[in-house]
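**Q** Build me a model:
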Amino acid sequence: LTISAMGSLVTTGIVPTVSLLSRVQVEFYVNENTFKERLKLFFIKNQRSSLRIRLFNFSLKLLTCALYVIRVALDDPEQVTGIAALVNTFLLSVLHQVTVALISFLEAMLLTYLSYKGNIWEQMFQISFILEMINTVPFIITIFWPPLRNIFIPVFLNCWLAKCALENMINDLHRAIQRTHSAMFNQVLILICTLLCLVFTGACGIQHLERAGKNLTLFNSLYFCIVTFSTVGYGDVTPHIWPSQLLVVILICVALVVLPLQFEELAYLWMERQKSGGNYSRHRAQTEKHAVLCVSSLKIDLLMDFLNEFYAHPRLQDYYVVILCPTEMDIQVRRILQIPLWSQRVIYLQGSALKDTDLMRAKMDDAEACFILSSRNEVDRTAADHQTILRAWAVKDFAPNCPLYVQILKPENKFHVKFADHVVCEEEFKYAMLALNCVCPATSTLVTLLVHTSRGQEGQLSPEQWQRTYGRCSGNEVYHIRLCDSKFFGEYDGKSFTYASFHAHKKYGVCLIGVKREDNKSILLNPGPRHIMSAPDTCYYINITKEENSSFIFKQEEKDKKGLPVTGLYDAPSRLPVHSIIASMGTVAMDLQNPADPPEDCSKLTLPTENGAGSRRPSIAPVLEIADSSSILPCDLLSDQSEDETNHSDEEGSFVKGYPPNSPYIGSSPTLCHLLPQKASFCCLRLDKGCRHNSFEDAKAYGFKNKLIIVSAETAGNGLYNFIVPLRAYYRPRKELNPIVLLLDYPPDNHFLEAICCFPMVYFMGGTIDNLDNLLQCGIIYADNLVVVDKESTMSAEEDYMADAKTIVNVQTMFRLFPSLSIITELTHPSNMRFMQFRAKDCYSLALSKLEKIERDKGSNLAFMFRLPFAAGRVFSISMLDTLLYQSFVKDYMIPIARLLLGLDTTPGSGYLCAMKVTEEDLWIRTYGRLFQKLCSSSAEIPIGIYRTESHMFSSSEVRQDRDSPCSNTLERSNRRESWKEKTAQRNSTTSDQSEHPLLRKKSLQWARRLSRKNTKPPSRTERISQQRLNLYRRSERQELSELVKNRMKHLGLPTVGYEDVANLTASDVMNRVNLGYLQDEMNDHQNSLSYVLINPPPDTMLELNDIVYIIRSDPLAGPDVPEDAAQGQSSGGGQTRQDFGTETRDETHL
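**A** Below you'll find the model as predicted:
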């Protein structure tokens, strides 16, 4: 119904129902249907049509300027000959000018009408409107009044209108194509147009005014303006009448006002562009390869670690790095990026990853990879993770095909970025590494060296033998290659994994640690002898460089001397060659020699006799090509179960093996662990307070059989769960489980207690490491290891590198109070590790500091590796593992391998990292290569490195000499160590000397003789008195510290029996602690113990007493069970079980 019909129905009394009513059509935006609005839409609002109108207007203004130049040229009689031609050309130019002026006038009036907003005077007094009227109205008047055709009209002023039209046209162009160009381009264009307009206006004006004077040509006027504005001022062309001179003055004043403003705006935009970084062009993104680094704040250490590791790989040299950071570039970062090495390859863009415009500037959709790093220096690490998660989501939404490499701080946030190609959770790796440091010394150093790119050239110019060996072995990294493409492993197709690993190490010096089937995505570390190698398998090995960069050189001199035939590469796989590796410029040259054939009586290796003494050196069983279950010793899991069965009645409570029922966060890998049969009550987890279940209030009352592991942390975060799991894994023998005490600043929540209450011998208490009472209550005198975790509240400091100040001072205090304690410290900044165990007058530490500076100047990525605390595994910084994420761009297998080594993932069939200690009875093996063979043939274990501890002694005179000559002590220590090694080798060659003179006793005697050398020459009276005073001062200081600890223990009601006074330690006790690496520098100012890691040493490396060998043990659950008769035969036949480092309850290992 229409409105009128409804009205008639209402007047007649008929009311229609709602269903009979029709919809009323409502038209919107009717105001735009007017003629004015339609014109405004066409000329102003519509971007494309407005662009065309402005382009037409710009062309008109340029045309008027061109017509003026033509008219001026035609006014010169010398330029045009002939009266008729002159008149015709003049009239034609005037006609064109009038036509153009009429069109411009109509357009100006129309635009003025359309932009009218109620104030006509505002429109009329605009400069552009006034210039339009000056340049168009006189021409229109000449149509009706011909005498005005000779009047001068300054048409050249249209150049300024053309400048305004060009600016508006560029703005419409940006709107039409919806692309934002740099404001720098617009400002430069405006500046150029301003200069051109000033020069053109001055040239035309001076030329016209000088007609009354010298009558300058247009070219001479242009020449004069350019010379004047360029401040050259030759003076050969000058205006002669006052009007033209006044115009020059006006133009100079205008230039002095306008040009500085333009240059100031240009300089401001240039500075802003330097801050924001500009754009990465689309053309470069399509023709070049680049990676994007997204960070919330960029520090110099993080930048240099990334650049050094990223560009350490040869195939990444042509890549560009685009840094996307929301903050302004730091001064130090700016200085680094100005170095030619980085300025050509690194582009800094200030922007946010949450903005598509900034991602477009970085050309994220064309990037080869995107690295998103968290800011670990933030006080609120959870908030830092939330920012990282949003950045990862934004990048994935903008560029779904771009590979993502994400760093997360807390494990509970990891599942939010599980879509990323590679994820590294900082707290997961940190706590797992610190946990393994307690059972496998220096695991942090081992993993750090593996994930750093190095050529093994560090320390090669040092006079110290240990530095050269340590630096050369640090160049070993993990590489991969297909078996069918490899010369290292190609001949072992169809052989067992253990056989391939041993013989590859014997022939080429490479250590095969893992393999991956073609039909399986999981990497298996040491799958054991039951794994048969096949051609499609991918092999993972440790070596100085990858096989593709290796060359194989055979020396035939030895064969020619002995008359042996020339053999090929794989003719004698069972012979032990002499191995040497020379790493130079990424290429390894291996010199392989085949010695003479062994005697017939020694052709078959036999097991050593029971007492290890015979007429010849004991031989080792060969490694079988195909696995034989009877030749493999029973695994630890089975032996541990037998222990559980036999000792069940002796223990108060028993442990079971199973998966933890409660995980504190989503995404944790399930690991088979030792668990309690029933969950412990929360009150029983408190160490320092009794409850209704037990009345124990200190560590002594519990009567632990094994030493404690104490962890000092600020809060009980979910990452701390990964510290407990590796220490309670199923492959750890039950008798070797160490009690774990969590010393927390803040009490844990029930969610965390619910996750740890199922683990045996895990306790917590409140306290800090700077409180002596808390340390004594948690049982520090019964502990072997104290792990000091970096606290979140101290990670940020006003001054850089001061975040570790409190931790370093507290740890230094504990070193003095408890010298025999092994303290593992986590620092925020790796450069602060030089303050650990700091002594101001230690010449050896000063020499190491100089060596570190030399290596840093050479461009080494591992300049800090020679610091004694890092080499010994006593200090660790999580920033060292940033390279793990960077390496994943080239080696996508590094993160899975690192997780398997640290126990974060447990793949069925994959082995685990553990350690064994070389005792005096094991020195008959002599070399690392023979140890490799023994482990492979007996227990199918793969050694990957050695943790070695050496002791160095100094007398007082040596210390004084070192102050003058720091290098003299290094040479002397090197000579002493070489002579000691020669004596050890001679003693190992004869088994009778080995049994009659134990090595530990001889080392103790040698150490005692060195201490007594200072008495060979009677010192002067002054020296003796000063030495007595010094000893008295030291003894009084140590006694004072000892009395302090004992008094606090008595005050707390703790027994003082367990606390050992440092001053009463005997020489043998000191030597034992030195060999274990526990003795600190504060113990004895003339005693230094060096501990360092040798990754994949050469086969001819001599073993030393107390060496700790890193081994990858095969998974006990991987293969079938060993038959009972074979197991009984081995146990009755004197078969030996393996022994992990740090245990005293298991049987000793006899290799």
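
**Q** Please go through the chain and pick out the longest strand.
**A** strand 942-953 (DSSP state E).

**Q** Report the secondary structure state of residue 460.
**A** Assigned with DSSP: H, G, I helix; E, B strand; the rest coil, residue 460 falls in the coil class.

**Q** Kindly report the same for residue 786.
**A** Of the three states, residue 786 takes strand under three-state DSSP.

**Q** send the alpha carbons of the helix or strand where residue 1112 lies over as CSV?
**A** Assessed by DSSP states H and E, residue 1112 sits inside strand 1108-1113. Provided in CSV are the C-alpha atoms of strand 1108-1113 (Å, rounded to 0.1, in the frame of the first residue of the first chain):
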residue,chain,number,x,y,z
ILE,A,1108,85.5,-39.0,32.2
VAL,A,1109,84.3,-40.3,28.9
TYR,A,1110,81.0,-39.1,27.4
ILE,A,1111,79.1,-42.1,25.9
ILE,A,1112,75.8,-42.6,24.1
ARG,A,1113,74.3,-45.7,25.6
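
**Q** And it, what does it pack against?
**A** Contacts defined by 3 or more Cβ pairs under 8 Å, 6 or more residues apart in numbering; DSSP states H and E place strand 1108-1113 against strand 912-917, strand 942-953. The way it works is simple: take the backbone N, C-alpha and C, and place the C-beta from them, glycine included.

**Q** The shortest one pairs with which strands, parallel or anti?
**A** Going back to what we said before, that points to strand 912-917. strand 1108-1113 (antiparallel) (DSSP bridges).

**Q** what's the angle between the partner strand and strand 942-953?
**A** Relative orientation of strand 1108-1113 and strand 942-953, computed by axes from the mean of the first three to the mean of the last three Cα atoms, to 10 degrees: 170 degrees.

**Q** ok now strand 1108-1113, how far from the chain's centre?
**A** Taking Cα atoms, centre = their mean, to the nearest Å, one finds strand 1108-1113 lying 27 Å from the centre of the chain it belongs to.

**Q** pLDDT on that strand, on average?
**A** On average, the pLDDT along strand 1108-1113 is 94.

**Q** the strands in the stretch 701-850 of the chain, which residues?
**A** 708-713, 740-744, 762-766, 783-788, 822-827 (DSSP state E, counting those that start in this stretch).

**Q** Would you reformat those strands as a markdown table and include mean neighbour count, distance to residue 1052 and mean pLDDT?
**A** Formatted as a markdown table, those follow (neighbours: other Cβ atoms under 10 Å; distance: least, Cβ to Cβ, whole Å; pLDDT from 0 to 100):
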| stretch | mean neighbour count | distance to residue 1052 | mean pLDDT |
| --- | --- | --- | --- |
| strand 708-713 | 26 | 16 | 92 |
| strand 740-744 | 25 | 15 | 93 |
| strand 762-766 | 22 | 13 | 91 |
| strand 783-788 | 23 | 16 | 91 |
| strand 822-827 | 25 | 22 | 90 |
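
**Q** Pull up the pairing partners for the longest strand of the chain, direction included.
**A** Strand 942-953 has these strand partners (DSSP bridges): strand 1087-1095 (antiparallel), strand 1108-1113 (antiparallel).

**Q** With distance to residue 675 and mean neighbour count as extra columns, can I get those strands in CSV?
**A** Shown next, in CSV, are the strands paired with strand 942-953 (distance: least, Cβ to Cβ, whole Å; neighbours: other Cβ atoms under 10 Å):
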stretch, distance to residue 675, mean neighbour count
strand 1087-1095, 33, 23
strand 1108-1113, 21, 24
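
**Q** These: which one's closest to residue 415?
**A** Closest approach to residue 415 among the strands paired with strand 942-953 (Cβ to Cβ): strand 1108-1113, 29.2 Å.

**Q** looking at the strands paired with strand 942-953, which is closest to residue 695?
**A** Nearest to residue 695, of the strands paired with strand 942-953 and by Cβ to Cβ, is strand 1108-1113 at 39.3 Å.

**Q** and for that closest one, what are the contacting residues?
**A** 440-441, 446, 513, 525-526, 636, 731, 901, 911-918, 931, 935, 939, 941-948, 1138, 1141 (Cβ atoms under 8 Å, 6 or more residues apart in numbering).

**Q** picking that back up, pipe the strands paired with strand 942-953 into a markdown table and attach distance to residue 109 per row.
**A** Converted to a markdown table, the strands paired with strand 942-953 look like this (distance: least, Cβ to Cβ, whole Å):
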| stretch | distance to residue 109 |
| --- | --- |
| strand 1087-1095 | 86 |
| strand 1108-1113 | 89 |
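
**Q** Residue 281: which of the ones you listed is closest?
**A** Nearest to residue 281 among the strands paired with strand 942-953 is strand 1087-1095 (43.8 Å), distances taken as Cβ to Cβ.

**Q** pLDDT (mean, whole number) over the closest one?
**A** pLDDT averaged over strand 1087-1095 gives 81.

**Q** Hmm, residue 244 and residue 213 touching each other?
**A** Yes: using Cβ atoms under 8 Å, residue 213 is in contact with residue 244, at 7.0 Å.

**Q** neighbour count winner among these two?
**A** A direct count of neighbours by other Cβ atoms under 10 Å for residue 213 and residue 244 places residue 244 higher, at 24 against 15.

**Q** tell me which strands and helices the host helix or strand of the more buried one is in contact with?
**A** In this structure, residue 244 sits in helix 242-276 according to DSSP H and E. Applying 3+ Cβ pairs under 8 Å, 6+ apart, we find helix 242-276 packed against helix 183-209, helix 218-229, strand 346-350.

**Q** Next, the buried residues of that helix.
**A** Neighbour-count burial for helix 242-276, counted by 16 or more other Cβ atoms under 10 Å, picks out 244, 247-248, 251, 255, 262, 266, 269, 276.

**Q** burial of the closest residue to residue 163 other than its chain neighbours, as a residue count?
**A** In space, residue 163 comes closest to residue 193 once its chain neighbours are excluded; the distance is 4.5 Å by Cβ to Cβ, 6 or more residues apart in numbering. Neighbour count of residue 193, defined by other Cβ under 10 Å: 18.

**Q** My guess is residue 193 contacts residue 161. True?
**A** No: contact between residue 193 and residue 161 fails when scored by Cβ under 8 Å: they sit 11.5 Å apart.

**Q** what's the angle from the helix or strand where residue 447 lies to strand 1087-1095?
**A** Take DSSP H and E as the rule and residue 447 turns out to sit in helix 443-450. On the basis of the same axes, to 10 degrees, helix 443-450 is oriented at 50 degrees to strand 1087-1095.

**Q** pLDDT weak spots in the stretch 451-600 of the chain?
**A** 552-600 (pLDDT under 70).

**Q** Which residue ranges of it form strands?
**A** Using DSSP E, counting those that start in this stretch, strands in the stretch 451-600 of the chain cover 477-482, 511-516, 524-525, 538-543, 550-554, 581-584, 587-592.

**Q** Other residues contacting the second one?
**A** Just to be clear, that refers to strand 511-516. By Cβ under 8 Å, 6+ apart, the residues outside strand 511-516 that reach it are 476, 478, 488-489, 497, 500-501, 504-505, 522-527, 531, 533, 537-543, 893, 897, 900, 910, 942-944, 1096, 1112.

**Q** Just the buried residues of the residues you listed.
**A** Looks like those have 476, 478, 488-489, 497, 500-501, 504-505, 523-527, 531, 533, 537-543, 893, 897, 900, 910, 942-944, 1096, 1112 buried, using 16+ other Cβ under 10 Å.
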